[in-house]
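below is the sequence, then the predicted model.
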Amino acid sequence: MLPELGQFALILALLLAGVQCAVPIFGAWRGQATLIALARPAVAGQAVFVVLAFGLLTYAFVTQDFSVAYVAQNSNLALPWYYRFSAVWGAHEGSLLLWVLILNVWSVAVAAFSRRLPDALMARVLGVLGFISFGFLLFTILTSNPFLRHIPALADGNDLNPILQDPGLIMHPPMLYTGYVGFSVAFAFAIAALLGGELDVAWVRWARPWTNVAWAFLTLGISLGSWWAYYVLGWGGWWFWDPVENASFMPWLVGTALIHSQAVTEKRGSLRAWTLMLSIIAFSLSLLGTFLVRSGVLTSVHAFASDPKRGQFILGFLGTVVGGSLLIYAVRAPRVAGGKPFKLLSRETLLLINNLMFTTAAAMVLLGTLYPIVGEMLDAGRISVGPPYFGFMFVLLMLPVVCLLPFGPFFRWAGADWRAAIGALKPALILAVVAAVAAKFIAPDTSLRGLAGVAASLWVGTGIALYALKRWREAPRGGRYTPEMLGMILAHFGVALFLAGVLITEATSVESDLRFAPNETKSVGGLDFKFRGVQRAQGPNYVADEGTIEVSRNDELIATLHPQKRQYAGGGQIQTKSDIDPGLTRDLYVALGEPLDEAKQGNGAWAVRVYVKPFVRWIWLGGLFMMFGGFTAAADRRFRSLPARDDATAPATPAAPPAQPAQASA
Amino acid sequence: MIGRLIPLAVFLALVGLLLFGIEWNKHHEMSEVPSPLVGKPAPEFTLPLLYDSTKSIARRDLLGKPYLINVFGSWCPTCQFEHPILTAQIKPLGIKLIGLDWKDQPDDAKRWLAQFGNPYDAVITDQDGHAGIDFGVYMAPESFLVDAQGMIRYKRIGMFTPETIKNELLPKIAELSKPAAVSP
Amino acid sequence: MANAALALLLCCSVAHAIDPLQFKDREQEVRFQNLTRQLRCLVCQNQDLADSDADLAKDLRKQVFDMMQSGKSDAEIKQYLVARYNDFVLYDPPFKPGTLLLWLAPGALLLVGAGVLVNVLRKRARQPVAETDTGEDW
């Protein structure tokens, strides 16, 4: 009975989404306040029913109701209770419902925190969100209903895929979706602005905190996914340029360009067309990603089950939303370049270059991801595009960004004193070069990559530290760092950490497949690994062979690791669970292979893979700093105040004097 | 105005590409990788017979008449599905059928053939998989159509179905009397 | 046909491919690791040869190892595999007519974008900046 209630809730949500979409936008068009006023209640109503539906699905999992087909496909009696919650989004139908739920959470937040928005704008924003929700609910109900029954009810279900039985899975999809889906808010604001014909840029100020928060969540989601892949998949890698990973990375790249472009448009009034376009593209890539993962058009390690019919539906929806928005843009985007003028050497120019590089990078990833399809169309055979392509191209495109990054804060708006900027950054350059040279002397066989990593991270990190120092010295007390500025400092510092992590780990990681006899010690990466044999271990729904490895340096024990080889009760699937000793300066990583001694089986020699990975944690530490930067910037109070009609919003005429002095430096 | 429409145009091209992708996906197996050996001479091999390991067949022994090599294994579930089709639809075509028992134990293979029947004119074994690598075999079942001069004319990845026999194999067999198109 | 796909999927579990091989020295081991990471496993097509646990992957790793021991270069080993398994076995798309678009498009896009940018910047630079606009605002 309850699953049927869930279906009914979805249908009601669909109807309310339809109301939320059509009525307020019509009302805004006609200037009818009563219709506009329906927006918030519609949002609330829809959210209630979506939460209800999601709650009922979760309940079905927790109570192990195997009469619901989706529950039976993704959980079984042996599944520990905490994984029953995350199993809800373990496959296509449930993850889609999660998507809709998160969209509703964002919509409610926008509706609740936008009291100061002009009514017509708010109505259009909520209306666009309603349209998106309508499409996804329709898709869910028509093709991906999670509440379908399996009659007769099964006694027990399939197991949840073992690699999904992990704390990382509980966090990664919700955080990722929160980010992905959150770009719909920036999208909604942009479309609302276009529909309303807003010539001024007040809407960007409203949109900025939402966009920064969405970006921060997406950064978190991607970092979590990378970290999870690292310790679960156990191949020592943290990014594989897999189509599904790329599907989340493309919105991130465009989102990064977007948050910077929004800053320019909000403060200076320029780059309006870029900001509008990037808002549309970021969310379009989110939708595209949703399509790619579920349509079966690309093979991937973690694509959901494919179905051409579903693929066609999403493609149709994608076409409508994106095509429609690009059409609206073509018709209504500002024709004249607005905002305050700026010289060639200025912060505006740097951010314009930033926009270009990140957008090109996203286009490159899109091209590479979709190229196998192009290859088939050109009848050029199976074309394989993998890390050698993506990694190479990405580094090439990001090189200018890394070089120019520290100049950003030092270049003023309108016209920069570039000599002063170079002077200010000299220490960073010197430090970077000296450190790279020193590294070459200390460890002569460090590759070029490793040296580049040292130099790049010190260049960026010192650059931002120098700016923070400059602010400390020059700005008045109490007004040194606005949250926006602090956010920028944190995020850019995160970039430095990330660069260090990636390049140094790549250059200095050591990996070895070894044959260990019991109590044998082998040396890897300057450390001694002693194998203490293998024993049987028992888990809630698996049995395992558990190995013990002691790691020492100069006879001093620094870690004991217990890698396992698990066999799950449900499907008999074998999973290698590696064990990691994490550290800020290095990770020690061990995975158990097969017993190599036919005669002695478990008591003889075993194959073991050992990794020593210096600085790998800095990759995700960098991601975390970027995320904190995004949240901090969003907290700036200036976004919540009514924008004054100062000249940031006036069209570009050189004669316009500033209306209020120093308004922007609050 | 034109400049403004460029993003829309690019997007429409993208949708076209993805539509093509969905359609293509319906009719093709994503995991199929076309073989570079089609149109080239079959690789050299000398493999022992399953039923008499003292004797073996080499590539040159098979020259002069076309033949179909079918790669199978007793461990391969799909081969069981293909087996009756082999027996009922391909054997009657009259072409020489060579079974290549790939990465398998001879006893298991003999038992499997005893259970399901043996449609092959001869069965050779490749236990370590080396010949398989030379043929570019990456799964079972796979089949290779080789002409009288020893050139590979056609490779089937995955099991034969009545449709693929009719649409792909039969035309290729008909072409056997003509010389092979040499591939670059 | 669906059965073939299912068979492929089932084998690509999350068990590890750990093969201790007797390398001549550390340098050869690193070379082996780098090379096998550039090769695709055709059975588990989203894993590289270094990580795949498929039977064929084990055989091919042994093959690569043997070829290395007998003095073949990386290029020769790749050529050996491509001749049998198609370009698809390489993760790096070779520079062929079919992949021209792939390798050249990003650069072309960048050039076009840069050109547009320069154009826009020139137009902007013609507008004089107001005297009172110090650009000091954050």
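Received, thanks. Residues are numbered from 1 along each chain as shown, chains lettered A, B, ... in the order given.

what residues does the stretch 301-450 of chain A put near chain B?
Residues of the stretch 301-450 of chain A found near chain B (C-beta under 8 Å from any C-beta of the partner chain) are A:306, A:308, A:311-312, A:315, A:318-319, A:322-323, A:326-327, A:329-331, A:333, A:370, A:373-374, A:376-377, A:381-382. For glycine as for every other residue, the C-beta is placed from the backbone atoms N, C-alpha and C.

restricted to helices, list those.
A:308, A:311-312, A:315, A:318, A:326-327, A:329-331, A:370, A:373-374, A:376-377 (DSSP state H).

any of these buried? List them.
A:Gly311, A:Gln312, A:Leu315, A:Leu318, A:Leu326, A:Tyr329, A:Ala330, A:Leu370, A:Ile373, A:Val374, A:Glu376 (16 or more other C-beta atoms under 10 Å in any protein chain shown).

which ones among the residues you listed also lie next to chain C?
A:Val374.

farthest pair in the ones in helices among the residues of the stretch 301-450 of chain A next to chain B?
A:Val331 and A:Glu376 (35.1 Å; C-beta to C-beta).

just checking, next helix/strand downstream of the worst-scoring helix or strand of chain C on mean pLDDT?
In chain C, no helix or strand scores lower on mean pLDDT, DSSP states H and E than helix C:2-11, which sits at a mean of 44. Using DSSP states H and E, the next helix or strand after helix C:2-11 towards the C-terminus is helix C:26-37.

that following helix near chain A anywhere?
Yes. Interface with chain A: helix C:26-37 contributes C:Glu29, C:Gln33, C:Arg37 (C-beta under 8 Å from any C-beta).

tell me the contacts of the first one?
Which is C:Glu29. A:Ser512, C:Phe23 (C-beta atoms under 8 Å, 6 or more residues apart in numbering or on different chains).

how about A:Leu624?
Contacts of A:Leu624 (C-beta under 8 Å, 6+ apart): A:Leu220, A:Ser223, A:Gly494.

with those in mind, which one is nearest to B:Glu44?
Closest to B:Glu44, out of all of the contacts of A:Leu624 and judged by C-beta to C-beta, is A:Ser223, at 52.0 Å.

look up how far chain B lies from that closest one.
Distance of A:Ser223 to chain B, computed by C-beta to the nearest C-beta, to the nearest Å: 28 Å.

what about that residue, how many residues nearby?
Around A:Ser223 there are 24 other residues, counting by other C-beta atoms under 10 Å in any protein chain shown.

what of A:Asp156?
13.

give me the phi and psi for it.
Phi and psi for A:Asp156, reported as degrees, to the nearest 10, are phi -150, psi 160.

so it touches A:Gln73, yeah?
No. With contact defined as C-beta atoms under 8 Å, A:Asp156 and A:Gln73 do not form a contacting pair (11.7 Å).

now the helices for chain C?
C:2-11, C:26-37, C:55-69, C:74-85, C:100-126.

which of these is buried the deepest?
helix C:55-69 (a mean of 19; mean count of other C-beta atoms under 10 Å in any protein chain shown).

what is the nearest of the buried ones among the ones in helices among the residues of the stretch 301-450 of chain A next to chain B to chain C?
Using C-beta to the nearest C-beta, A:Val374 is the member of these that sits closest to chain C, with 6.9 Å.

residues in contact with that closest one?
A:Val374 makes contacts with A:Ile383, B:Leu17, C:Leu101, C:Leu102, as judged by C-beta under 8 Å, 6+ apart.

check whether whichever strand or helix holds A:Ala420 contacts chain C.
Assigned by DSSP H and E, A:Ala420 falls within helix A:418-442. No. Helix A:418-442 lies apart from chain C when judged by C-beta under 8 Å from any C-beta; the minimum separation is 12.4 Å.

and the nearest residue to A:Thr320 once chain neighbours are set aside, how many residues sit next to it?
Leaving aside its chain neighbours, A:Thr320 sits nearest to A:Gly135 (7.5 Å; criterion: C-beta to C-beta, 6 or more residues apart in numbering or on different chains). By other C-beta under 10 Å, 22 other residues sit near A:Gly135.

what do you get for A:Ala380?
18.

gap between the closest residue to it other than its chain neighbours and B:Leu17?
Among residues not flanking A:Ala380 along the chain, C:Gly98 sits closest, at 2.9 Å (C-beta to C-beta, 6+ apart). Here the distance between C:Gly98 and B:Leu17 works out to 15 Å (C-beta to C-beta, to the nearest Å).

between these two, which one's more packed in?
C:Gly98 (18 against 14).

for that one, give me its contacts.
Applying C-beta under 8 Å, 6+ apart, the residues near C:Gly98 are A:Gly375, A:Leu378, A:Ala380, A:Gly381, A:Ile383.
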